[in-house]
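1. just need the structure, nothing else, for what follows:
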Amino acid sequence: MRKLLRLCPLLLAVALLFGTGPAFAGKRAALVIANSAYQHAPSLTNPVNDGSVMARTLKEAGFDIVDSRHDLTAQETRRVLREFADGTRDADIAVVYYAGHGIEVEGSNYLIPVDAKLERDTDVFDEALSLDRVLVAVEPAKQLRLVILDACRDNPFAKTMKRTVASRGIGRGLAQVEPTSPNTLIAYSAKAGFTAQDGDGANSPFTVALSKHLTTPGLDVRRAFGFVRDDVLKSTGNKQEPFVYGSLGGEDVPLVPVKVTAAAAAAPAPNPQADIRRDYELALQVGNRPAWEAFLAQHSDGFYASLAKLQLEKIGAEQAHAAATEKAKQAEAERDRLAALGAQKDTQAKAAADAKAAEQVQLAAQKAKEQAQQQAAAAEQQRVNLAAAAPGAAPASTASPAGTNVASLTPATAPADLSRSVQTELGRVGCFSGAADGNWNTSSQRSLSQFNRYAGTKLDVKVASTDALDTVKAKPSRVCPLVCEHGFKADGDKCSKIVCREGYAVNTDNECEKQRAAKPAKPATAKRDDSDERPARQRRQASGAAAGGAGGYGAAGGSGQIFCNDLLCRPVRRGCHLVYRGGGGPHVDANAEVCN
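-> Numbers count the residues shown, from 1 in each chain. Next up is the predicted model:
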């Protein structure tokens with residue numbers, strides 16, 4: 001028994017040298033498809049070059065099968081996918097790389113073969129290949145199914161494609177996906193809803209970064225795509241961000257295993273930092289408060305603990321901002337409700353003050369959130385850089401007190417730079433006409449509010465945020481209409497003066513209208529003397545009375561007054577007199593005869 005125990009180390013070394021090796025050293029197969037020569041759309045330069053680079057990279061990495069094809073029709077693509085699926089039934093790792101045009105229709109993604117016409121939106125179902133069909137081709141692989149799409153380009157068929165249903169959505173770039181199969185990753189050259197750049201060279205920035213990092217021996221595929229993301233962001237000036245969808249387990253999954261040597265026979269020394277790093281990356285992948293609290297319960301100090309605390313502060317700031325925003329909305333709604341009901345002034349004043357205070361709290365929470373996000377991002381970037389410089393070494397700040405080096409990091413983006421970037425993008429889409437000086441003043445807020453109006457968004461205009469920058473960047477062309485002064489009209493991106501032909505002039509509606517000849521002035525007319533405000537009938541009766549008195553009717557009537565109506569005039573009867581009651585008109589007597 002003792003001899004057997006003494007032989008165990010030797011047997012272990014022999015097993016490591018001649019045994020099965022690492023778990024991910026099994027059969028690996030790859031399919032590379034690159035479409036450049038489109039028959040019914042402008043040709044693409046880079047995809048064939050990118051496909052050649054990726055095929056060479058995978059062959060040099062020791063893949064058992066590397067099938068490289070280019071400029072495939074729809075029928076050829078289906079046949080190649082079917083053959084590849086047959087060849088991967090006993091594979092441990094299956095990779096499909098595609099470069100060319102892709103399109104998103106109603107949330108589903110499609111790869112476009114070179115013979116596709118896509119005259120109408122429904123043709124995509126017949127002439128293109130769905131991403132689900134590609135996932136079927138890698139499904140037989142046992143340990144890793146990887147699909148890489150360098151296809152987030154502008155849709156060349158969008159301008160000519162007829163819509164059979166007006167509500168059918170055709171997106172920009174590719175749509176976000178959630179793989180249903182386990183151990184499946186789908187990598188986009190640009191984030192969902194965004195387009196990728198071809199670059200100035202022979203290859204796209206995405207493919208250049210892939211060929212550099214993806215097949216690094218022993219490097220976990222998730223970390224490899226993290227390095228790819230960093231390289232692409234740097235080479236494109238933060239305009240393109242690759243993204244990976246799907247999830248894997250807790251073990252490292254390298255595309256290329258580390259070669260086993262005789263030195264590996266000795267039992268590896270334990271590396272506590274590697275275990276902490278793995279726990280940290282798992283918590284980072286989950287990304288919620290319970291995950292970070294569980295991490296800190298196991299690792300309460302050190303470099304990674306400081307990073308975890310920053311992540312917790314970021315989550316807390318985001319939650320505080322969300323609560324402050326909701327409270328501000330409720331305060332504004334209460335203020336508007338009281339104003340609509342016509343409540344007492346002091347009640348309305350208190351509601352307005354509460355709304356103002358809630359708004360100030362919201363602004364403070366917004367700034368705190370952005371600062372926490374920037375600090376967490378800067379710390380995470382430092383961790384990635386340290387890991388890239390020395391993947392197996394412990395960070396230099398491990399032995400220092402928690403937060404010593406991390407808390408003092410400079411934010412990734414200064415507020416003034418962020419404001420300047422948002423102003424620049426607002427100017428590009430026609431919503432901002434001032435100087436991009438980084439001063440987020442009333443003019444900048446009004447410009448972002450105008451963008452919200454025409455883009456249908458609800459961005460917070462009080463501060464310049466990364467959300468606002470990403471949203472405005474996503475708009476490829478002018479959003480806000482060009483507004484010109486009176487007498488000018490929009491002509492492209494400029495205002496040109498409106499010129500009317502002879503006899504016409506610009507009216508208040510900014511349209512040419514025929515001028516009317518000036519009318520002669522009317523002569524002044526004499527006005528009726530209204531000093532006597534009594535009705536005309538009363539005046540006639542009064543004059544008649546006077547005439548009657550002069551003509552001798554007074555003897556007959558006794559009073560000398562004459563009563564007149566629509567039919568006749570007669571002397572007032574003896575013992576009676578006239579009383580003026582006002583009014584007058586047809587069949588209505590202004591005077592009445594009153595007798596004692």
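2. residue 178 reaches residue 245, doesn't it?
-> Yes: with contact defined as Cβ atoms under 8 Å, residue 178 counts as touching residue 245 (6.5 Å). No exception for glycine: its C-beta is placed from N, CA and C like everyone else's.
3. so which of these two has more stuff around it?
-> Between residue 178 and residue 245, counting by other Cβ atoms under 10 Å, residue 245 is the more crowded of the two (15 against 9).
4. that one in helix, strand or coil?
-> The local conformation at residue 245, judged by DSSP: H, G, I helix; E, B strand; the rest coil, is strand.
5. who's in contact with it?
-> 176, 177, 178, 179, 185, 186, 187, 188 (Cβ atoms under 8 Å, 6 or more residues apart in numbering).
6. how much space between the third one and residue 132?
-> Looking back up the chat, that one is residue 178. Noted for residue 178: a distance of 12 Å to residue 132, by Cβ to Cβ, to the nearest Å.
7. got it, and the fifth one?
-> From residue 185 across to residue 132, the span is 15 Å (Cβ to Cβ).
8. neighbour count: those two, which is higher?
-> The neighbour comparison of residue 185 against residue 132 (other Cβ under 10 Å) goes to residue 185, with 20 against 12.
9. the more buried one contacts residue 246, doesn't it?
-> Yes: using Cβ under 8 Å, residue 185 makes contact with residue 246 at a distance of 4.3 Å.
10. can you map out the strands along the stretch 51-200 of the chain?
-> In the stretch 51-200 of the chain, the segments counted as strands under DSSP state E, counting those that start in this stretch are 65-70, 93-99, 102-105, 108-111, 129-130, 144-150, 184-188.
11. just put those in TSV and tack on mean pLDDT and distance to residue 273.
-> Below are the strands of the stretch 51-200 of the chain laid out as TSV (pLDDT from 0 to 100; distance: least, Cβ to Cβ, whole Å):
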stretch	mean pLDDT	distance to residue 273
strand 65-70	93	36
strand 93-99	94	28
strand 102-105	85	41
strand 108-111	88	40
strand 129-130	90	44
strand 144-150	92	26
strand 184-188	92	26
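12. in stretch 358-375, what's buried?
-> Under the neighbour-count criterion of 16 or more other Cβ atoms under 10 Å, stretch 358-375 has 358-359, 361-363, 365-370, 372-375 buried.
13. closest to residue 510 out of those?
-> Set against residue 510, the nearest of these by Cβ to Cβ is residue 359 (37.7 Å).
14. ok, and the closest non-adjacent residue to the closest one?
-> Ranked by Cβ to Cβ, 6 or more residues apart in numbering and with sequence neighbours excluded, the top spatial neighbour of residue 359 is residue 328, at 5.3 Å.
15. SS state for the one you found?
-> Classified using three-state DSSP, residue 328 is helix.
16. these two touch, right, it and residue 363?
-> No: using Cβ under 8 Å, residue 328 is not in contact with residue 363; the gap is 9.1 Å.
17. look at residue 154 and report its pLDDT.
-> On pLDDT, residue 154 comes in at 70.
18. do the same with residue 4
-> At residue 4, pLDDT is 39.
19. picking that back up, ok, the buried residues of stretch 358-375 vs residue 147, which is closest?
-> The closest of the buried residues of stretch 358-375, once distances to residue 147 are taken by Cβ to Cβ, is residue 373, at 30.3 Å.
20. wait, doesn't the closest one sit right on residue 315?
-> No: using Cβ under 8 Å, residue 373 is not in contact with residue 315, being 10.1 Å away.
21. secondary structure element for the residue most central in space within the chain?
-> Central residue of the chain (Cα atoms, centre = their mean): residue 471, 3.6 Å from the mean position. If you go by DSSP states H and E, residue 471 is part of helix 466-473.
22. and the next helix or strand after that helix, what does it pack against?
-> Beyond helix 466-473 in the direction of the C-terminus, DSSP H and E gives the next helix or strand as strand 488-491. In terms of contacts (3 or more Cβ pairs under 8 Å, 6 or more residues apart in numbering; DSSP states H and E), strand 488-491 is packed against strand 494-497.
23. if we go to 6 Å?
-> Contacting strand 488-491 under the criterion 3 or more Cβ pairs under 6 Å, 6 or more residues apart in numbering; DSSP states H and E is no other helix or strand.
24. in it, what's buried?
-> For strand 488-491, by 16+ other Cβ under 10 Å, it's residue 488.
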